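*Asks:* model the structure of this input:
(chains A and B)
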Amino acid sequence: MSEIVVAALLVLGAAFILVAALGLVRMPDIFLRMSCNAKASTLGIGLLLLALAIHFGEMDVSGRALATIGFIVLTTPVASHRIGRVAYLDGAPLWEGTIADEMRGKYGSGEAPAKPKKK
Amino acid sequence: MILQAAVYYVVFPMLTGALVLAFIRLLRGPTPADRIVAFDLIAAASAGIIVVTAIVTEQAVLLDAASIWAVIAFVSVIAFADYIERRGGI
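*Replies:* Residues are numbered from 1 along each chain as shown, chains lettered A, B, ... in the order given. Next up is the predicted model:
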(Lines give C-alpha, C1' and ligand atoms only; values in the text may rest on other atoms or scores of the structure.)
Protein backbone atom coordinates (compact mmCIF):
# COMPACT_ATOMS: atom_id res chain seq x y z
CA MET A 1 0.00 0.00 0.00
CA SER A 2 2.71 2.44 0.97
CA GLU A 3 4.61 1.29 -2.09
CA ILE A 4 1.83 2.62 -4.33
CA VAL A 5 1.81 5.93 -2.46
CA VAL A 6 5.59 6.21 -2.81
CA ALA A 7 5.43 5.40 -6.53
CA ALA A 8 2.67 7.96 -7.10
CA LEU A 9 4.61 10.66 -5.24
CA LEU A 10 7.75 9.87 -7.21
CA VAL A 11 5.96 10.06 -10.56
CA LEU A 12 4.27 13.32 -9.56
CA GLY A 13 7.53 14.91 -8.40
CA ALA A 14 9.41 13.88 -11.52
CA ALA A 15 6.54 15.23 -13.64
CA PHE A 16 6.82 18.61 -11.89
CA ILE A 17 10.57 18.74 -12.53
CA LEU A 18 9.94 17.86 -16.19
CA VAL A 19 7.35 20.66 -16.43
CA ALA A 20 9.91 23.06 -14.96
CA ALA A 21 12.45 22.04 -17.62
CA LEU A 22 9.83 22.39 -20.36
CA GLY A 23 9.00 25.89 -19.16
CA LEU A 24 12.70 26.70 -19.04
CA VAL A 25 13.00 25.90 -22.72
CA ARG A 26 9.70 27.31 -23.94
CA MET A 27 9.16 30.52 -21.98
CA PRO A 28 9.99 33.74 -23.89
CA ASP A 29 11.64 35.76 -21.12
CA ILE A 30 14.24 35.30 -18.40
CA PHE A 31 11.80 36.34 -15.67
CA LEU A 32 9.10 33.92 -16.79
CA ARG A 33 11.69 31.15 -17.03
CA MET A 34 12.93 31.94 -13.55
CA SER A 35 9.49 31.94 -11.97
CA CYS A 36 8.40 28.68 -13.52
CA ASN A 37 11.71 27.04 -12.63
CA ALA A 38 11.52 28.13 -8.99
CA LYS A 39 7.95 27.03 -8.28
CA ALA A 40 7.85 23.78 -10.19
CA SER A 41 11.28 22.52 -9.15
CA THR A 42 10.60 23.32 -5.49
CA LEU A 43 7.40 21.31 -5.58
CA GLY A 44 9.08 18.48 -7.50
CA ILE A 45 12.00 18.09 -5.11
CA GLY A 46 9.61 18.39 -2.17
CA LEU A 47 7.45 15.54 -3.46
CA LEU A 48 10.50 13.34 -4.13
CA LEU A 49 11.81 13.92 -0.60
CA LEU A 50 8.35 13.29 0.84
CA ALA A 51 8.29 9.96 -1.01
CA LEU A 52 11.67 9.13 0.54
CA ALA A 53 10.39 10.03 4.02
CA ILE A 54 7.33 7.77 3.59
CA HIS A 55 9.35 4.94 2.06
CA PHE A 56 11.91 4.63 4.85
CA GLY A 57 9.55 5.56 7.67
CA GLU A 58 12.22 5.72 10.36
CA MET A 59 12.53 8.75 12.52
CA ASP A 60 16.07 9.78 11.66
CA VAL A 61 15.81 9.41 7.90
CA SER A 62 12.36 10.98 7.66
CA GLY A 63 13.39 13.82 9.91
CA ARG A 64 16.36 14.62 7.74
CA ALA A 65 14.20 14.42 4.62
CA LEU A 66 11.67 16.84 6.09
CA ALA A 67 14.48 19.17 7.17
CA THR A 68 15.82 19.12 3.63
CA ILE A 69 12.34 20.00 2.32
CA GLY A 70 12.27 22.95 4.70
CA PHE A 71 15.71 24.05 3.61
CA ILE A 72 14.78 23.93 -0.07
CA VAL A 73 11.51 25.78 0.50
CA LEU A 74 13.44 28.47 2.35
CA THR A 75 16.37 28.86 -0.05
CA THR A 76 14.84 28.59 -3.52
CA PRO A 77 12.98 31.94 -3.34
CA VAL A 78 16.16 33.65 -2.15
CA ALA A 79 18.20 32.29 -5.06
CA SER A 80 15.41 33.13 -7.47
CA HIS A 81 15.18 36.67 -6.20
CA ARG A 82 18.92 37.11 -6.62
CA ILE A 83 18.81 35.86 -10.21
CA GLY A 84 15.87 38.10 -11.07
CA ARG A 85 17.47 41.15 -9.53
CA VAL A 86 20.72 40.56 -11.39
CA ALA A 87 18.92 40.02 -14.67
CA TYR A 88 16.88 43.20 -14.22
CA LEU A 89 19.89 45.30 -13.24
CA ASP A 90 21.79 44.03 -16.25
CA GLY A 91 18.95 45.11 -18.50
CA ALA A 92 17.67 41.78 -19.67
CA PRO A 93 15.05 42.31 -22.38
CA LEU A 94 11.46 41.88 -21.27
CA TRP A 95 8.95 39.92 -23.26
CA GLU A 96 7.08 42.13 -25.71
CA GLY A 97 3.75 41.12 -24.16
CA THR A 98 4.73 42.51 -20.75
CA ILE A 99 2.03 44.82 -19.39
CA ALA A 100 3.56 46.32 -16.27
CA ASP A 101 7.14 47.16 -15.38
CA GLU A 102 6.88 48.79 -11.98
CA MET A 103 10.63 49.02 -11.43
CA ARG A 104 11.24 51.11 -14.54
CA GLY A 105 13.36 54.11 -13.61
CA LYS A 106 13.72 53.05 -9.97
CA TYR A 107 17.30 51.92 -10.44
CA GLY A 108 20.22 53.89 -11.76
CA SER A 109 19.21 57.48 -10.79
CA GLY A 110 16.62 58.72 -13.20
CA GLU A 111 17.23 57.66 -16.73
CA ALA A 112 18.64 54.20 -16.57
CA PRO A 113 22.23 54.03 -17.80
CA ALA A 114 22.36 50.53 -19.20
CA LYS A 115 18.87 49.22 -19.67
CA PRO A 116 18.18 48.54 -23.32
CA LYS A 117 14.59 47.46 -23.09
CA LYS A 118 12.90 46.16 -26.15
CA LYS A 119 9.31 47.20 -25.64
CA MET B 1 7.55 -4.45 -7.66
CA ILE B 2 5.34 -1.61 -8.87
CA LEU B 3 7.79 0.81 -7.30
CA GLN B 4 10.71 -0.64 -9.27
CA ALA B 5 8.74 -0.52 -12.52
CA ALA B 6 7.58 3.07 -11.91
CA VAL B 7 11.09 4.22 -11.07
CA TYR B 8 12.86 2.52 -13.95
CA TYR B 9 10.28 3.19 -16.68
CA VAL B 10 8.76 6.54 -15.67
CA VAL B 11 10.70 8.50 -13.05
CA PHE B 12 14.25 8.12 -14.35
CA PRO B 13 13.31 8.96 -18.00
CA MET B 14 11.38 12.03 -16.82
CA LEU B 15 14.31 13.30 -14.77
CA THR B 16 16.73 12.59 -17.60
CA GLY B 17 14.49 14.49 -20.02
CA ALA B 18 14.47 17.41 -17.60
CA LEU B 19 18.28 17.32 -17.53
CA VAL B 20 18.44 17.31 -21.34
CA LEU B 21 16.03 20.26 -21.64
CA ALA B 22 17.96 22.20 -19.00
CA PHE B 23 21.20 21.54 -20.90
CA ILE B 24 19.55 22.90 -24.06
CA ARG B 25 18.79 26.13 -22.20
CA LEU B 26 22.31 26.12 -20.74
CA LEU B 27 23.83 25.98 -24.22
CA ARG B 28 21.39 28.39 -25.88
CA GLY B 29 20.59 30.93 -23.16
CA PRO B 30 21.27 34.43 -24.41
CA THR B 31 22.29 35.98 -21.10
CA PRO B 32 24.33 34.58 -18.18
CA ALA B 33 21.24 34.83 -15.98
CA ASP B 34 19.54 32.26 -18.23
CA ARG B 35 22.50 29.98 -17.71
CA ILE B 36 22.28 30.41 -13.94
CA VAL B 37 18.60 29.43 -14.04
CA ALA B 38 19.47 26.40 -16.15
CA PHE B 39 22.19 25.45 -13.67
CA ASP B 40 19.67 25.75 -10.85
CA LEU B 41 17.32 23.35 -12.59
CA ILE B 42 20.18 20.94 -13.38
CA ALA B 43 21.09 20.91 -9.69
CA ALA B 44 17.47 20.26 -8.72
CA ALA B 45 17.08 17.42 -11.21
CA SER B 46 20.32 15.75 -10.14
CA ALA B 47 19.32 16.03 -6.47
CA GLY B 48 16.08 14.35 -7.47
CA ILE B 49 18.01 11.58 -9.20
CA ILE B 50 20.05 11.03 -6.03
CA VAL B 51 16.86 10.84 -3.94
CA VAL B 52 15.22 8.34 -6.31
CA THR B 53 18.39 6.24 -6.31
CA ALA B 54 18.32 6.25 -2.51
CA ILE B 55 14.75 4.94 -2.58
CA VAL B 56 15.27 2.24 -5.18
CA THR B 57 18.52 0.90 -3.74
CA GLU B 58 17.37 1.18 -0.07
CA GLN B 59 20.40 3.26 0.83
CA ALA B 60 19.26 5.93 3.26
CA VAL B 61 22.79 7.36 3.39
CA LEU B 62 22.33 8.92 -0.05
CA LEU B 63 19.88 11.40 1.45
CA ASP B 64 22.84 13.17 3.07
CA ALA B 65 24.47 13.49 -0.33
CA ALA B 66 21.28 14.98 -1.76
CA SER B 67 20.90 17.55 1.00
CA ILE B 68 24.56 18.60 0.82
CA TRP B 69 24.17 18.89 -2.95
CA ALA B 70 21.19 21.19 -2.47
CA VAL B 71 23.24 23.39 -0.12
CA ILE B 72 26.13 23.59 -2.58
CA ALA B 73 23.78 24.43 -5.47
CA PHE B 74 22.18 27.25 -3.47
CA VAL B 75 25.53 28.74 -2.50
CA SER B 76 26.88 28.54 -6.04
CA VAL B 77 23.77 30.20 -7.51
CA ILE B 78 24.19 33.05 -5.03
CA ALA B 79 27.90 33.27 -5.89
CA PHE B 80 27.25 33.37 -9.64
CA ALA B 81 24.59 36.06 -9.24
CA ASP B 82 26.88 38.11 -7.03
CA TYR B 83 29.70 37.79 -9.54
CA ILE B 84 27.57 39.01 -12.42
CA GLU B 85 26.17 41.88 -10.38
CA ARG B 86 29.60 42.97 -9.20
CA ARG B 87 31.13 42.73 -12.64
CA GLY B 88 28.52 45.20 -13.84
CA GLY B 89 26.91 44.30 -17.11
CA ILE B 90 26.61 41.10 -19.02
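*Asks:* could you pull up the contacting residues of the residue nearest the centre of chain B?
*Replies:* For chain B, B:A43 is the residue whose C-alpha lies nearest the centre (Cα atoms, centre = their mean; 2.2 Å). Residues near B:A43 by Cβ atoms under 8 Å, 6 or more residues apart in numbering or on different chains: B:69-70, B:72-73, B:76-77. From N, CA and C alone the C-beta is placed, and that goes for glycine too.
*Asks:* give the ChimeraX command for selecting the buried subset of those.
*Replies:* Filtering these down to the buried ones (16 or more other Cβ atoms under 10 Å in any protein chain shown) takes a single ChimeraX command:
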select /B:69,70,73,77
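*Asks:* other SSEs contacting the longest helix along chain A?
*Replies:* For chain A, the helix that runs over the most residues, judged by DSSP state H, is helix A:59-89. With contacts taken as 3 or more Cβ pairs under 8 Å, 6 or more residues apart in numbering or on different chains; DSSP states H and E, helix A:59-89 sits against helix A:30-56, helix B:32-57, helix B:62-87.
*Asks:* what mean pLDDT does that helix get?
*Replies:* Averaged over helix A:59-89, pLDDT sits at 91.
*Asks:* check stretch A:2-14 too.
*Replies:* 93.
*Asks:* just the buried positions in it, please.
*Replies:* So stretch A:2-14, judged by 16+ other Cβ under 10 Å, has buried residues A:6-7, A:9-14.
*Asks:* circling back to that earlier point, out of the helices and strands packed on helix A:59-89, nearest to A:D101?
*Replies:* helix A:30-56 (10.2 Å; Cβ to Cβ).
*Asks:* what is that closest one packed up against?
*Replies:* Counting by 3+ Cβ pairs under 8 Å, 6+ apart, helix A:30-56 packs on helix A:2-26, helix A:59-89, helix B:32-57, helix B:62-87.
*Asks:* and the gap between the residue nearest to the centre of chain B and A:A53?
*Replies:* 21 Å (Cβ to Cβ, to the nearest Å).
*Asks:* where are the low-confidence patches of chain B?
*Replies:* For chain B, residues meeting the criterion pLDDT under 70 lie at B:88-90.
*Asks:* list the contacts of A:L10.
*Replies:* A:L10 touches A:47-48, A:51, B:3, B:6-7, B:11, B:52, B:55, counting by Cβ under 8 Å, 6+ apart.
*Asks:* ok, so of those residues, who is nearest A:F31?
*Replies:* Nearest to A:F31 among the contacts of A:L10, with distances taken as Cβ to Cβ, is A:L47, at 25.1 Å.
*Asks:* for A:P77, see how far away the most centrally placed residue in chain A is.
*Replies:* Nearest to the mean C-alpha position of chain A, by Cα atoms, centre = their mean, lies A:A38 at 0.3 Å. To A:P77, A:A38 is 7 Å away according to Cβ to Cβ.
*Asks:* what does A:S62 give?
*Replies:* A:S62 is 24 Å from A:P77, by Cβ to Cβ.
*Asks:* likewise for B:V7?
*Replies:* B:V7 is 30 Å from A:P77, by Cβ to Cβ.
*Asks:* repeat that for B:A73.
*Replies:* 14 Å.
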